[in-house]
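Novice: Just a sequence and a predicted model for now, questions to come.
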Amino acid sequence: MSTHISVPPQLLLERILTLEIVRVTERAAVSAARLRGHGNEKAADQAAVDAMRRELNKLPIEGTVVIGEGERDEAPMLFIGEKVGINAGPQVDIAVDPLEGTTLCAKNMPGAIATMAMADAGTLLHAPDVYMQKIAVGPGYAKGVVELDASPADNVRRLAKAKGVDASAITVLVLDRPRHSDIINGVRGTGAAVRLITDGDVAGVIHCADPDNTGVDMYIGTGGAPEGVLAAVALRCIGGQMQCRLILDTEEKRERARKMGVTDPRMIYGIEDLAKGDCLFAATGVTTGSLLSGVKFRKDVIETETVVMRSVTGTVRYIKAEHRQLDKFHLD
């Protein structure tokens, strides 16, 4: 005789964290990795999207995509408002970037990842696909150690003081874009170092969460708002800080934001404004970077590396997996 034991939603989330959520980003990463170096960004993104959608629709959740694929590059989308899961289990918000770093993947350059976040329903900011100003640091500092409206130089000095080091010991990660020239000059003017990346806004923010291993103390710059929400979930899991502001510089953007519940276009969002409650985050490497190893195709095995995090417990797990049922992956 079997006895049915009901599982509280929070324990189900834990099970998703340790089992199912990993499979979602693994499958997306493997599918994208098959197109590394082929020079076709949209095809790689489409492969990741299709694989991620299939895996999400197997999960025991009632999920709603609140952060979907960006429209700016006409990418194939897991669209905002799309329902995923088997329509049974906890109600959750889903944020996805099935292939962050489409250019990196297409050119087989370091740092492309497949990533997603999950949180209690109604707890993730519904961010329109616009640009967002961001500043982020990792754990271990007093609240407000850096501020979005302070100058880059002031933020470097404040962080250096809090860390007990000279400004020259600080490294700031910045997306290599012409719009960031003042930030780069301001940081270097203090004697601090700048590390430039060509793509990868989510991974960029996450780097400052573990400065001992990445060598990155702070992230500053303007990038996509959806990527900002994804990064905020990861930082919440390990106790980092982040401040952001949406760039709503046209009436069309302000109207889109209003429809998504944004009432103050100049609001500075703290990390808990972006992601509240119990949050989960997962990312699998597509191409090898400083954060994760990329997918490796062996003769009889596919190898992946994934990082999974949970805010309630502060747990961070790195999962290196060997997949031997290759026929399933070839269906992606």
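Specialist: Arrived safely, thanks for sending. Residues are numbered from 1 along each chain as shown.
Novice: Buried residues of the longest helix anywhere in the chain, list them for me.
Specialist: Once the chain is assigned using DSSP state H, the helix that runs over the most residues is helix 41-56. Using 16 or more other CB atoms under 10 Å as the test for burial, helix 41-56 gives 41, 43-56. To be clear about C-beta, it is placed using only N, CA and C from the backbone, and glycine gets the same treatment.
Novice: Just the angle for the helix or strand just after it relative to helix 41-56, thanks.
Specialist: Sequence-wise, the next helix or strand downstream of helix 41-56 (DSSP states H and E) is strand 62-67. Counting by axes from the mean of the first three to the mean of the last three CA atoms, to 10 degrees, strand 62-67 lies at 160 degrees to helix 41-56.
Novice: export strand 62-67 as PDB, just CAs?
Specialist: The C-alpha coordinates for strand 62-67 follow below in PDB (Å, rounded to 0.1, in the frame of the first residue of the first chain):
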ATOM      1  CA  GLU A  62       2.500  26.900 -13.100                       C
ATOM      2  CA  GLY A  63       5.000  29.300 -14.600                       C
ATOM      3  CA  THR A  64       4.600  32.600 -16.400                       C
ATOM      4  CA  VAL A  65       7.500  34.100 -18.400                       C
ATOM      5  CA  VAL A  66       7.900  37.700 -17.100                       C
ATOM      6  CA  ILE A  67      11.300  38.300 -18.600                       C
END
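Novice: hang on, the earlier thing: what is the longest helix of the chain packed up against?
Specialist: helix 21-33, strand 91-100, helix 102-106, strand 113-120 (3 or more CB pairs under 8 Å, 6 or more residues apart in numbering; DSSP states H and E).
Novice: tell me the angle of it relative to strand 113-120?
Specialist: 40 degrees.
Novice: Now Thr91. Nearest residue, chain neighbours left out?
Specialist: Careful, residue 91 is Gln; it's not Thr. The shortest distance from Gln91 to any non-neighbouring residue, by CB to CB, 6 or more residues apart in numbering, is to Ala121 (3.9 Å).
Novice: repeat for Ala32
Specialist: Closest to Ala32 by CB to CB, 6+ apart is Ala48, at 4.1 Å.
Novice: Please report how far that neighbour lies from Arg177.
Specialist: Distance of Ala48 to Arg177, computed by CB to CB, to the nearest Å: 24 Å.
Novice: quick revisit: can you give me how far the longest helix of the chain is from the chain middle?
Specialist: Relative to the chain's own centre, helix 41-56 is displaced by 16 Å; criterion: CA atoms, centre = their mean, to the nearest Å.
Novice: how close does the residue nearest to Ala32 get to Leu35?
Specialist: In terms of CB to CB, Ala48 sits 9 Å off from Leu35.
Novice: Just the buried residues of stretch 276-288, please?
Specialist: 276-288.
Novice: now those as CSV including distance to Gly239, secondary structure and pLDDT?
Specialist: Formatted as CSV, those follow (distance: CB to CB, whole Å; DSSP: H, G, I helix; E, B strand; the rest coil; pLDDT from 0 to 100):
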residue, distance to Gly239, secondary structure, pLDDT
Lys276, 15, coil, 89
Gly277, 16, coil, 83
Asp278, 15, coil, 85
Cys279, 12, strand, 89
Leu280, 15, strand, 92
Phe281, 13, strand, 94
Ala282, 18, strand, 95
Ala283, 18, strand, 96
Thr284, 23, strand, 98
Gly285, 23, strand, 97
Val286, 27, coil, 98
Thr287, 28, coil, 98
Thr288, 27, coil, 96
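Novice: How about the contacts made by the residue nearest to Gln91?
Specialist: 62, 64, 90-93 (CB atoms under 8 Å, 6 or more residues apart in numbering).
Novice: again, only using 7 Å
Specialist: 91-93 (CB atoms under 7 Å, 6 or more residues apart in numbering).
Novice: Could you dump the helices and strands packed on helix 41-56 into TSV with mean neighbour count and distance to Ala231 added?
Specialist: Converted to TSV, the helices and strands packed on helix 41-56 look like this (neighbours: other CB atoms under 10 Å; distance: least, CB to CB, whole Å):
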stretch	mean neighbour count	distance to Ala231
helix 21-33	27	15
strand 91-100	28	10
helix 102-106	24	17
strand 113-120	28	9
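Novice: Throw these into CSV and include mean pLDDT and distance to Glu82, thanks.
Specialist: Below are the helices and strands packed on helix 41-56 laid out as CSV (pLDDT from 0 to 100; distance: least, CB to CB, whole Å):
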stretch, mean pLDDT, distance to Glu82
helix 21-33, 96, 14
strand 91-100, 94, 8
helix 102-106, 96, 20
strand 113-120, 94, 13
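Novice: Ok, which of these comes nearest Arg258?
Specialist: Smallest distance to Arg258 across the helices and strands packed on helix 41-56 (CB to CB): 19.7 Å, for strand 91-100.
Novice: Does that closest one pack against any helices or strands, and if so which?
Specialist: helix 21-33, helix 41-56, strand 62-67, strand 113-120, helix 201-207, helix 225-238 (3 or more CB pairs under 7 Å, 6 or more residues apart in numbering; DSSP states H and E).
Novice: Restricting to C-alpha, output it in CSV.
Specialist: The C-alpha coordinates for strand 91-100 follow below in CSV (Å, rounded to 0.1, in the frame of the first residue of the first chain):
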residue,chain,number,x,y,z
GLN,A,91,2.9,29.4,-9.3
VAL,A,92,6.2,31.0,-10.3
ASP,A,93,7.6,33.9,-12.3
ILE,A,94,10.2,32.8,-14.9
ALA,A,95,13.0,34.9,-16.4
VAL,A,96,15.0,33.6,-19.3
ASP,A,97,17.9,34.3,-21.5
PRO,A,98,18.3,31.0,-23.4
LEU,A,99,21.5,32.2,-25.0
GLU,A,100,23.3,35.2,-23.4
